[in-house]
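Student: Provided below for reference: sequence and predicted model.
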Amino acid sequence: MPEFDHNKTKYPLRGMHEKVQCAQCHSKPVFTNVGKNCQDCHTDIHQRKMGTDCAQCHTVQGWSIAVQQVKDHQNRFPLLGAHAAVQCEDCHKGAAVGQYQGLSTACNSCHMRDFQQAKSPDHVAGQFPQTCADCHSFDSWLGATVNHSAPPINFPLTNGHANVPCLNCHVGSNFNLKIAATDCGNAGCHLTTWQQTTNPKHSAAATVFPIAACSTCHNTVSWLTANFDHATTGFPLTNSHQMAPAGKVTACTDCHINNNYNLTIQPIDCGNSGCHLTTWQQTNNPTHSAAGTSFAAANCATCHNPTLWTNVVFNHAATGWALTGSHQMAPAGKVNACTDCHVGNNYNFTAANTDCYGCHQTAWNSTPSFGGAVPNHIASGFPTTASACATCHPITQWADGKFDHTAFGFPLTNSHALVANGGKVPGCTSCHVNNNYNLQIAPTDCGNSGCHLTTWQQTNNPVHSSAGAPFAAANCSTCHNTIAWTTAIFDHSTTGWPLTGSHQLAPAGKVVACTDCHVGNNYTFTAANTDCFGCHQTAWQSTTTTGGNVPNHITAGFSTSMCSTCHDTVLWSDGKFDHSTTGFPLQGPHMIPPRTAVTGAIGPMVNACTDCHLGGNYTSGYPTTDCYGCHQSYYTNAQNYGANVPNHMAASYPTTCAACHTTYATTAWLGAVFNHTYFRIPHNGSACADCHINSTNYQIFSCISACHTGNSPHTNKANTDAHHGGVGGYTYNATICANCHKG
């Protein structure tokens with residue numbers, strides 16, 4: 001039985017492993033079922049406390065041999081893989097004499113013989129570089145791998161290329177090929193195949209199917225499964241242009257006749273191509289060759305699509321003339337064929353040809369005989385432009401013309417509308433007399449128009465013709481509307497004088513007719529005419545005899561421009577004057593009844609304006625607003641109005657009454673309150689005279705003459721002095737008590 005070469009396995013035997021019997025490791029008949037790790041065969045006496053990487057300390061040279069000699073190699077040439085199991089003297093030939101230095105780290109320094117003897121492939125003949133590590137590893141010289149995708153090769157081996165023996169491509173051990181991955185044709189592999197192609201014949205269309213661009217259509221899965229993206233040519237194959245069964249094309253040569261793959265036809269240029277030119281020349285509805293630019297041989301795609309040549313859809317809107325309504329082809333519209341409009345195969349229409357009049361001249365000429373609401377277009381001088389026709393006529397029904405009068409600034413509303421539309425006008429000629437459609441009347445200028453001028457001239461309430469600018473013939477719409485001429489409504493507030501209260505027409509107010517104010521048909525009032533006195537002079541003059549609370553306006557000198565100060569438009573006799581505007585508001589007894597409750601009055605309160613304004617004097621500053629001016633008698637007789645009321649004159653009280661009579665609005669004259677600043681009062685129920693012993697001079701008072709006498713300890717000077725011994729500044733006199741006992 002031949003000896004087994006363990007070096008050809010993935011686990012070459014090195015060191016002491018070379019002397020081990022096979023059965024010591026391969027305990028089972030399946031020789032591949034054996035571990036490769038140290039602990040698979042060697043008991044871990046460290047019980048995994050030192051980890052599982054035995055090679056950190058041990059080598060195959062012997063279990064007890066230190067690994068330091070291996071570690072010493074890390075500084076220049078690490079002993080990795082199979083190098084770790086080699087005896088030192090295998091590399092260091094001078095080891096016997098202690099010579100370990102001077103060895104090269106290059107692979108070929110030890111493995112040159114292996115390099116020279118390599119035959120699959122032959123490294124020498126193939127001029128392989130001696131950079132062995134590019135393909136080989138430290139574990140074993142066998143099992144070398146090459147990265148065909150990486151530089152400098154840059155030729156990835158995919159699909160069908162992956163399992164091809166090297167020499168199939170590298171013929172004659174030529175490993176210096178410079179073929180690009182896409183350059184299949186120039187390679188010795190596929191050049192013959194490229195030359196033998198017939199559908200299409202690549203060599204006859206070298207610019208389209210260049211020998212260096214095979215990968216455009218072919219892939220490494222199968223040479224025969226070519227797939228060409230026609231869209232990259234600028235001519236995508238869609239619908240019927242696709243290869244059968246998706247489309248109708250049997251082979252590329254259906255279009256590329258005589259193997260012509262250098263076509264430059266645009267996708268829309270169907271006519272000029274060899275495919276559809278005959279079809280284009282044979283068209284007759286319309287005849288494309290005579291129908292102008294729109295139907296040029298290069299514009300087929302405007303109407304046709306690659307689904308079906310006869311399934312034509314022309315977008316007429318693209319010409320600037322969209323077909324709508326009756327202009328559409330039947331059954332949607334009334335057109336049976338293009339030639340109904342394009343007479344004589346004329347498809348070169350311009351803007352002038354799209355004018356309605358060009359096709360509908362007969363209908364236009366028939367308007368004189370239509371009658372009814374249809375005006376005579378010729379006699380009326382109606383324009384024949386398309387925009388003018390479209391103003392009235394829709395494209396649905398020519399006879400169903402409707403004119404939008406609003407577009408001309410004169411909307412026809414209510415009675416102005418035609419009878420057919422709910423108004424009172426029988427026909428257009430009711431206003432457009434003698435077929436005159438060039439009227440320039442504004443909607444508000446009813447009077448000047450031929451319709452309502454006579455009515456305006458016949459008005460009598462008021463007579464418009466003599467009533468001034470507000471009733472001018474051009475201003476009818478200020479009051480009148482199109483519902484009924486007689487339902488006029490005038491907004492008087494636009495004159496600056498709104499009619500309110502009694503000024504309104506009955507029944508809301510008391511005015512029966514406009515002439516109640518506008519006497520003599522005078523409607524040209526100015527600001528002066530709107531003064532109350534102008535209409536109410538009689539009422540003004542009657543104030544001399546009205547009496548009651550109504551002052552005589554004449555003798556009082558009331559201004560005739562200030563009526564609204566007191567009077568409103570509801571009731572003239574219900575005048576109310578706001579006295580606070582004079583700076584002297586009327587409160588308490590000063591108010592005219594009804595007034596708020598007032599106590600302490602010593603005389604009659606105000607019942608009429610003349611109680612104060614004596615002799616009808618309402619001039620500014622009269623009567624005086626000083627209390628003394630009206631209440632002098634109260635001041636001079638004050639001592640007569642109560643035991644506690646001091647004699648104002650004897651006491652020389654000032655006439656600034658409001659200093660004490662502050663609550664007159666509710667307590668009248670007797671509610672006076674004096675602010676006794678010298679010491680607090682009331683003082684044990686005393687009256688003013690108890691202290692003020694001199695009625696003519698309230699500056700003189702005494703504490704001991706009236707109050708602090710009798711059984712008081714202050715009866716006499718001796719008693720008082722006895723109680724104030726040692727008090728600084730004490731001197732017995734009438735006012736000495738107040739100096740200390742103010743509280």
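Tutor: Sure thing, it's come through. Residues are numbered from 1 along each chain as shown.

Student: which element follows the worst-scoring helix or strand of the chain on mean pLDDT toward the C-terminus?
Tutor: Least confident helix or strand of the chain, by mean pLDDT, DSSP states H and E, is helix 68-71 with a mean of 55. Counting by DSSP states H and E, the element after helix 68-71 in chain order, helix or strand, is helix 88-91.

Student: ok now that following helix, how far from the chain's centre?
Tutor: 86 Å (Cα atoms, centre = their mean, to the nearest Å).

Student: quick one: buried residues of the next helix or strand after it?
Tutor: Downstream of helix 88-91, the next assigned helix or strand under DSSP H and E is helix 108-117. Within helix 108-117, the residues scored as buried using 16 or more other Cβ atoms under 10 Å are Phe115. The way it works is simple: take the backbone N, C-alpha and C, and place the C-beta from them, glycine included.

Student: surely Pro306 and His241 touch.
Tutor: Yes. Pro306 lies in contact with His241 (Cβ atoms under 8 Å); the separation is 4.9 Å.

Student: now the end-to-end length of stretch 161-172.
Tutor: End-to-end distance for stretch 161-172, by Cα to Cα, to the nearest Å: 18 Å.

Student: got the contact list for it?
Tutor: Residues from elsewhere that reach stretch 161-172 (Cβ atoms under 8 Å, 6 or more residues apart in numbering): Pro121, Gly126, Leu157, Ser173, Phe175, Leu177, Ala187, Gly188, Cys189, Thr220.

Student: what count of nearby residues applies to the fifth one?
Tutor: Taking other Cβ atoms under 10 Å as the criterion, the count of residues near Phe175 is 19.

Student: can you give me the strands in the protein?
Tutor: Using DSSP state E, the chain contains no strands.

Student: give me the below-cutoff pLDDT ranges for it.
Tutor: Residue ranges of the chain with pLDDT under 70: 1-2, 46, 49-50, 64-75, 95-100, 351-353, 527-529, 706, 709-715, 742-743.

Student: how's it carved up into domains?
Tutor: Taking automatic domain parsing as the criterion, the chain consists of the domains 6-91+106-158, 676-743.

Student: who wins for proximity to Thr565 among these?
Tutor: Among the domains of the chain, domain 676-743 comes nearest to Thr565, with 44.1 Å by Cβ to Cβ.

Student: ok, Ile602 touching Tyr641?
Tutor: Yes. Assessed by Cβ under 8 Å, Ile602 is found in contact with Tyr641 at 5.4 Å.

Student: common neighbours of the two, please.
Tutor: Common neighbours of Ile602 and Tyr641 (Cβ under 8 Å, 6+ apart) are Tyr634, Trp669, Leu670.

Student: which of the residues you listed lies closest to His613?
Tutor: For the shared contacts of Ile602 and Tyr641, the nearest to His613 is Tyr634 (19.4 Å; Cβ to Cβ).

Student: for the closest residue to that closest one other than its chain neighbours, what are its contacts?
Tutor: Distances taken as Cβ to Cβ, 6 or more residues apart in numbering place Trp669 nearest to Tyr634, at 5.5 Å, with adjacent residues excluded. Neighbouring residues of Trp669 by Cβ under 8 Å, 6+ apart: Gly600, Ala601, Ile602, Gly603, His631, Tyr634, Tyr641, His661.

Student: turn those residues into CSV, including neighbour count and distance to Thr350.
Tutor: Below are the contacts of Trp669 laid out as CSV (neighbours: other Cβ atoms under 10 Å; distance: Cβ to Cβ, whole Å):
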residue, neighbour count, distance to Thr350
Gly600, 17, 107
Ala601, 15, 106
Ile602, 17, 110
Gly603, 11, 108
His631, 17, 106
Tyr634, 20, 109
Tyr641, 15, 115
His661, 20, 104
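
Student: just give me the closest of those to Gln196.
Tutor: For the contacts of Trp669, the minimum distance to Gln196 (Cβ to Cβ) is 138.5 Å, reached by His661.

Student: just checking, that closest one touches Thr655?
Tutor: No. Assessed by Cβ under 8 Å, His661 is found out of contact with Thr655, at 11.4 Å.

Student: out of the shared contacts of Ile602 and Tyr641, which are inside helices?
Tutor: Tyr634 (DSSP state H).

Student: out of the shared contacts of Ile602 and Tyr641, which is nearest to Lys402?
Tutor: Trp669 (88.5 Å).

Student: isn't Asn305 up against Phe314?
Tutor: No. Using Cβ under 8 Å, Asn305 makes no contact with Phe314, being 11.6 Å away.

Student: can you pull the contacts of Gln61?
Tutor: Contacts of Gln61 by Cβ under 8 Å, 6+ apart are Gly15, Met16, Ala85, Gln87.

Student: ignore the last one, His241
Tutor: Contacts of His241 by Cβ under 8 Å, 6+ apart are Gly247, Lys248, Val249, Pro306.

Student: any of the residues you listed buried? List them.
Tutor: Val249, Pro306.

Student: what's the most distant pair in the contacts of His241?
Tutor: Pairwise over the contacts of His241, using Cβ to Cβ, the maximum falls at Val249 and Pro306, 10.5 Å.

Student: what residues are shared contacts of those two?
Tutor: Ser240, His241.

Student: if we can go back for a sec, which of the contacts of stretch 161-172 fall in helices?
Tutor: Short answer: those have none in helices (DSSP H).

Student: quick check: chain neighbours aside, which residue is closest to Leu80?
Tutor: Per Cβ to Cβ, 6+ apart, closest to Leu80 is Phe138, 4.4 Å.

Student: nope, Pro411 is what I was after
Tutor: In space, Pro411 is closest to His405, 6.1 Å off (Cβ to Cβ, 6+ apart).

Student: ok, His518 next?
Tutor: Pro462 (6.6 Å).

Student: and for Cys275?
Tutor: Cys255 (6.0 Å).

Student: now do the same contact list for the one you found.
Tutor: Contacts for Cys255 (Cβ under 8 Å, 6+ apart) come out as Val249, Leu263, Ser273, Gly274, Cys275.

Student: ok, Gly325 touching Trp398?
Tutor: No. Look at Gly325 against Trp398 with Cβ under 8 Å: they stay out of range, at 10.1 Å.

Student: hang on, the earlier thing: could you dump the shared contacts of Ile602 and Tyr641 into CSV with distance to His202 added?
Tutor: Below are the shared contacts of Ile602 and Tyr641 laid out as CSV (distance: Cβ to Cβ, whole Å):
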residue, distance to His202
Tyr634, 138
Trp669, 135
Leu670, 136
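
Student: and which of the shared contacts of Ile602 and Tyr641 is nearest Val645?
Tutor: Leu670 (7.9 Å).

Student: how many neighbours does that closest one have?
Tutor: 17.

Student: could you find the closest non-adjacent residue to it?
Tutor: Per Cβ to Cβ, 6+ apart, closest to Leu670 is Gly600, 3.5 Å.

Student: got a list of what that neighbour touches?
Tutor: Thr667, Ala668, Trp669, Leu670, Gly671.

Student: and for Ala231?
Tutor: Ala231 is in contact with Leu237, counting by Cβ under 8 Å, 6+ apart.

Student: any idea how far Val570 is from Ala332?
Tutor: 71 Å (Cβ to Cβ, to the nearest Å).

Student: my bad, should have said Ala658
Tutor: 99 Å.

Student: what do you get for Gly292?
Tutor: Distance from Gly292 to Ala332, by Cβ to Cβ: 25 Å.

Student: same question, Ala318
Tutor: 18 Å.

Student: cool, Tyr357 as well?
Tutor: Taken as Cβ to Cβ, the span from Tyr357 to Ala332 is 24 Å.

Student: ok, now which ones touch the residue nearest to Pro623 when sequence neighbours are not counted?
Tutor: The spatial neighbour of Pro623 that comes closest, neighbours along the chain excluded (Cβ to Cβ, 6+ apart), is Cys612 at 5.2 Å. Cys612 makes contact with His590, Val606, Pro623, Cys630 under the criterion Cβ under 8 Å, 6+ apart.

Student: the first one and Cys609 touch, don't they?
Tutor: In other words, His590. No. Using Cβ under 8 Å, His590 makes no contact with Cys609, being 11.1 Å away.

Student: all good on my end, thank you.
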